[in-house]
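Peer 1: would you be able to build a 3D model of this:
(one chain, ligands or ions: 1)
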Amino acid sequence: MSASHQGLHFNPHVAALPPYNAGTNVAIARAASGMQDIARLASNENPEGCSPKVMQALASSAFEPWRYADPACGALRAALAARLGVDAAQIVVGNGSEEMIAAVSRAMLVPGNQVLTVVPSFGLHEIEPLALGATVVKLPMTARFGFDLDALERAMAAVPRMVFLSSPWNPVGPALSHADLQRVLRAVQPGSLLVLDEAYFEYADPGSVDGLEMLKTSGLPFVVLRTFSKAYGLAGLRVGYAVCSDAEIARVMGSAKTPFNVNAAAQLAAVAALEDDAWMRASVARLRTERARVAQAIKVMGLRVADSQTNFLFFECRSDSAEQAAALLRQGIIVKAWREAGYERFMRATIGSTQDNDRLLAALAALNPAPRA
Ligand SMILES: Cc1ncc(COP(=O)(O)O)c(C=O)c1O
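Peer 2: This is a model prediction of the structure:
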């Protein structure tokens with residue numbers, strides 16, 4: 001990877017970035033399979049769509065595409081602040097929560113800083129710090145699909161500038177338990193900022209940890225990330241947010257984003273989605289039942305599947321998962337073969353509609369025959 005091109009000099013940190021694995025798009029899948037009906041199980045979208053109230057809001061006279069949207073996202077921040085029991089000044093809204101990963105990285109990091117995260121991980125937890133010239137230490141998951149808390153504690157003692165953890169964990173699936181998160185909080189050193197990415201928060205089983213609630217009473221500096229892309233079904237509109245422990249962290253993160261970052265449709269839709277939480281909760285309940293069914297069916301094939309508190313499953317195939325994903329693509333099924341070193345047999349599949357999940361299960365069973373005794 002060269003940092004210069006035709007006499008120009010790129011930012012070397014950016015020029016050397018690993019690509020973000022955004023997955024295969026539907027046009028490629030149609031060309032590869034010759035099918036129109038594609039099972040899109042790679043991006044953790046909501047197969048049920050979004051609340052009808054969102055569509056009504058977008059069809060109403062409140063939607064004025066010719067006007068600049070509110071750069072402060074005032075209505076949405078007020079609604080979120082009331083819901084979450086924080087001050088609106090602690091919230092920064094982003095063009096997807098991915099923008100908030102970039103913003104917190106820009107707010108905190110200079111070249112040479114160290115960031116701690118886990119592997120496998122959500123790509124941007126590594127890419128955004130690398131773009132700023134930070135170094136990223138990645139701690140592998142345990143053999144049983146868990147967070148390696150002993151290793152985390154040891155690594156946190158070295159005072160990384162930031163610690164990125166997603167819980168529930170993309171791409172693996174489990175969430176930190178109450179006791180585990182307590183251990184992590186105790187290990188945070190002065191000078192380290194914990195960024196807890198709760199993109200899949202709504203999918204966790206009832207009674208699971210609410211990381212934001214625990215952090216609010218911890219006395220620690222923190223940033224919690226959440227999104228409307230997953231359970232609320234607004235992935236295409238791009239809206240997520242950061243809740244910060246105090247207004248100063250939010251102010252600096254706000255300076256690290258573009259001013260009109262969240263478009264008018266996204267702001268309206270997110271407010272409408274929040275007002276119709278019942279739709280989201282019913283959709284999540286159905287998803288959880290389907291998740292249990294699909295996980296059980298994969299286990300019956302004899303494959304190892306991680307516990308999932310999300311809308312996807314992470315499992316170990318009997319052969320290279322990239323080859324299996326290519327075979328699935330030829331059958332009109334898009335999944336994500338994991339590419340990080342050491343995880344080449346792992347695959348992540350979103351829980352989709354029952355019909356799409358059945359397609360995936362049938363194809364996986366054929367690709368992963370039980371070894372002869
Ligand atoms: C852990 C995690 N964080 C953040 C995001 C970004 O989501 P969005 O930018 O759509 O809010 C994702 C998307 O898949 C994710 O899995």
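Peer 1: how about the secondary structure of residue 366?
Peer 2: helix (DSSP: H, G, I helix; E, B strand; the rest coil).
Peer 1: gap between it and residue 359?
Peer 2: To residue 359, residue 366 is 11 Å away according to Cβ to Cβ, to the nearest Å. Using the backbone N, CA and C atoms, a C-beta is placed for each residue, glycine as well.
Peer 1: next one: residue 146
Peer 2: Distance, residue 146 to residue 359, using Cβ to Cβ: 30 Å.
Peer 1: residue 299 now?
Peer 2: Counting by Cβ to Cβ - residue 299 and residue 359 are separated by 18 Å.
Peer 1: also residue 331?
Peer 2: From residue 331 to residue 359 the distance is 7 Å (Cβ to Cβ).
Peer 1: and the residue of the chain closest to the ligand?
Peer 2: residue 96 (2.5 Å; Cβ to the nearest ligand atom).
Peer 1: that residue against residue 240, yeah?
Peer 2: Yes - with contacts counted by Cβ atoms under 8 Å, residue 96 reaches residue 240, the gap being 4.9 Å.
Peer 1: with neighbour numbers in mind, choose between these two.
Peer 2: residue 240 (26 against 23; other Cβ atoms under 10 Å).
Peer 1: in the sheet, who's paired with the more buried one?
Peer 2: Bridge pairing for residue 240 (DSSP bridges) gives the partners residue 94, residue 227.
Peer 1: can you check the pLDDT for it?
Peer 2: Residue 240 is assigned a predicted lDDT (pLDDT) of 98.
Peer 1: you'd agree it is up against residue 92?
Peer 2: No - using Cβ under 8 Å, residue 240 is not in contact with residue 92, being 9.9 Å away.
Peer 1: give me the common contacts of these two.
Peer 2: residue 100 (Cβ atoms under 8 Å, 6 or more residues apart in numbering).
Peer 1: does stretch 47-62 come close to the ligand?
Peer 2: No - counting by Cβ under 6 Å from any ligand atom, no contacts exist between stretch 47-62 and the ligand, the nearest distance being 13.3 Å.
Peer 1: check the offset of that stretch from the chain's centre.
Peer 2: With Cα atoms, centre = their mean, to the nearest Å as the basis, stretch 47-62 stands 23 Å off its chain's centre.
Peer 1: re the thing from before, neighbour count winner among residue 299 and residue 359?
Peer 2: Comparing residue 299 with residue 359 by other Cβ under 10 Å, the one with more neighbours is residue 359, at 20 against 12.
Peer 1: setting the sequence-adjacent residues aside, check what's closest to that one.
Peer 2: Sequence neighbours aside, residue 39 is the residue nearest to residue 359 in space, at 5.1 Å (criterion: Cβ to Cβ, 6 or more residues apart in numbering).
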